[in-house]
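In: got a sequence here, can you model it:
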Amino acid sequence: MKKIVLSIIGTVFLILTSCESLDVPPLNIIKDQDLFTNEVGLKTYMANVYRNLPIEDYYYRNGNGFGRDWQQFQNLGGICGEMLGPYWGNTQENGFGYWGYDWIRNINHFIQTMPDIAKGSVPESVMNHYLGEAYFCRAFIYFALVKRYGGVPLVKTVQNYPEQSLEELQVPRDKEIDCWKFIGEDLDQAIRLMGENSERSRANRYTAMAMKSRVMLFAGTIAKYGTINFVEGEARDRGFVGIPTSEAQGFFQQAYDAAKGVEGHRSLYKKKFSDSYDDKIANYVEMFLDTDSPENLLTREYSLSSNTAHSWDATLTCRYMTADGLSRAYPNYELMRLFDGGNIKVVDDSGYPIRFEQRGEIRDGVEPRLRAIVYFPDDELRGLTFDIQRGIYDTFDRTAAEEVATNVNDRKGLEMASGTHITYSKDPGLRVIGLCGVNTSPDGDNTRSGFYMRKYIDYNKPKDDCGLYRSTTHWIAIRYGEVLLNRAEAAFELGMKDDAMACINQLRERAGAKPVDPDAFGKDFDFNETNFNDDSNGLEIIRNERRKELAFENHYWWDIRRWRIADKIMDNTIFNALYPYYIYDEKKYIFLDEEQAYTGNRFTFNKRFYYEGLPGGELNKNPNLYPNNPNH
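Out: I've put the predicted structure just below:
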């Protein structure tokens, strides 16, 4: 009986366990005729592949992989400081051993087998589209591997045991540059084969173009900036990690061409757009909730009936506004400063805190896009108010700098509380910290930054339905906003500054932000002098626009790695918060810009983690994967 090996590693594992586990009915005899001779079967096969794509969505969790876990706050935004929470800091190796060769094997089987079986039973256009989807999905998986490990084994055909020897099955690593080129070739095949339309949770020609713009941009920046911060080692010497700088422009050109190809076939979401400030906020909020958005190129769907619902609504706002779960991730105030009006003025020219009649006054003049992704103090959700507050001062007469320099427990006249139920000693009608916090303990449920997450929060969902595994909002894996950013960055790297600026201004216009300053945009980028958080030159403007537009969508972690700036941004760093306080004798509010509450978390990044170590278990099973990446 023919024995099918599900993956390189699966082969070795089976050999080392028992022969009985190999004695299974061969899929290509029993099921292929049923699956590949009709569109229902083709769709079923590919649906299973899509279900297992390494999309970094609500379920991404460091350490546990792409699995079902209620703690959806443990994601990529948390390990790089884009979000703040009780468990963040000291980033370690975050590949969680992802090794998708089982699904590569299934896709290879489909590519090799389906055309011959489906021919004559399925229309050629339908057959080609599904074949294109297979190439797209294989490229998607390889991208997940290569962006973590650099060069990996390129397995392009199904491996079978015992027809092939153990030595044949223990495939060595390919060079990193060859892996990137292979992914590009798979996406070219997908573009050639697929049609222009598909279900929103499946790929089509323009999805593949968008994905290619992402992949080729990643490769281009690795080629250009990968020589700046790297660790020496045999893997680098042999080309398993690193790309020659001479390849950068070619990759950037491919990224630009792919992004340009999507133009006219997708558009930015403007369903509720008008000249009104409030409508711009609503437009941006709805973009992440509207399943029919013209911006979406690939989404992942969830439902209660299929047991795939997630817990975003239950774990991104405090228990006061939900039915279950605990809030653990909060917007980073450093990120908010990048938005128009986000660097909120809270002290006067003499350094004294400005007094506010209401906490919500700090929202005035803030970019609509920021209002759409972050809940500010005094915002409302489900009929409840974010009464965010850290404490009550009897009186206040000091500068902000003097107060922030004093330990919060030693501050004069400040009353704090250990829980949201506690009222002010001088006025039982006032809550000391409000029902929404600020956080009061290392594992507390309230905000650590002074704000709450709004992106992807379903404000239409009743509080009683906001429990664990009760949310069904789709996740947007690829959208046109990212394609414009990919195009802008590639264009700038190619010297096409006018095209790059036009792309950025499209996004800013939709966001309600000011257009780009042409003078600043024309200035060149200097890696050694940049502060990575200003708009002093064109490339930094593009990178910061990317941070703002794609905030909390699991892009920033990979961006700072491919730009080779993660070790500079996360250099024993503690990120700040903006906390409201009430002054009792003035009946006014002040805000203090200070370190986040109840955490000693520091964010750090070692240069060796630009490439993660190959999974130890795979190295044990396949010695041809050596040498491991530098310092792993």
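
In: looking at this, Lys181 is in a helix?
Out: Yes: according to DSSP: H, G, I helix; E, B strand; the rest coil, Lys181 belongs to a helix.

In: Arg232 and Arg561: what is the separation?
Out: For the record, residue 232 is Glu, not Arg. Taking Cβ to Cβ, to the nearest Å as the measure, Glu232 falls 18 Å from Arg561. In this view, the C-beta of every residue, glycine as well, is placed from N, C-alpha and C.

In: the two: which is more packed in?
Out: Arg561 (24 against 9; other Cβ atoms under 10 Å).

In: mind listing what that one touches?
Out: Lys147, Tyr610 (Cβ atoms under 8 Å, 6 or more residues apart in numbering).

In: let's see it at 6 Å
Out: Neighbouring residues of Arg561 by Cβ atoms under 6 Å, 6 or more residues apart in numbering: Tyr610.

In: cool, and the one 3 residues further on?
Out: With contact set as Cβ under 6 Å, 6+ apart, Arg564 has these partners: Tyr225, Ile228, Asn229.

In: and if we set it to 7 Å?
Out: Tyr225, Gly226, Ile228, Asn229, Tyr610 (Cβ atoms under 7 Å, 6 or more residues apart in numbering).

In: Three-state assignment for Ile590, please.
Out: strand.

In: sorry, back to before: let's see which of the contacts of Arg564 end up in strands.
Out: Counting by DSSP state E, none of the members of the contacts of Arg564 fall within strands.

In: which among these count as buried?
Out: Tyr225, Gly226, Asn229, Tyr610 (16 or more other Cβ atoms under 10 Å).

In: just checking, the second one touches Ile243?
Out: Just to be clear, that refers to Gly226. Yes: at 6.2 Å, Gly226 and Ile243 qualify as touching, with contact defined as Cβ atoms under 7 Å.

In: on that earlier part again, now render the contacts of Arg564 as JSON lines, adding distance to Ser311 and pLDDT.
Out: What follows is the contacts of Arg564, written out as JSON lines (distance: Cβ to Cβ, whole Å; pLDDT from 0 to 100):
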{"residue": "Tyr225", "distance to Ser311": "37", "pLDDT": "95"}
{"residue": "Gly226", "distance to Ser311": "37", "pLDDT": "92"}
{"residue": "Ile228", "distance to Ser311": "39", "pLDDT": "84"}
{"residue": "Asn229", "distance to Ser311": "36", "pLDDT": "76"}
{"residue": "Tyr610", "distance to Ser311": "32", "pLDDT": "93"}
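
In: nearest to Gly77, of those?
Out: Tyr610 (18.9 Å; Cβ to Cβ).

In: tell me how far the closest one lies from Ser165.
Out: 35 Å.

In: now swap in Leu614 and tell me
Out: 23 Å.

In: please say which of the two ends up with more neighbours.
Out: Each of Leu614 and Ser165 has its neighbours counted (other Cβ under 10 Å); Leu614 has more, 27 against 9.

In: quick check, the more buried one in contact with Tyr149.
Out: Yes: look at Leu614 against Tyr149 with Cβ under 7 Å: they come within range, at 5.7 Å.

In: list residues touching both of those two?
Out: Asn629.

In: number of residues surrounding Phe36?
Out: Phe36 - counted by other Cβ under 10 Å - has 23 other residues nearby.

In: setting the sequence-adjacent residues aside, check what's closest to it.
Out: Nearest residue to Phe36, sequence neighbours excluded (Cβ to Cβ, 6 or more residues apart in numbering): Ile117, at 4.2 Å.
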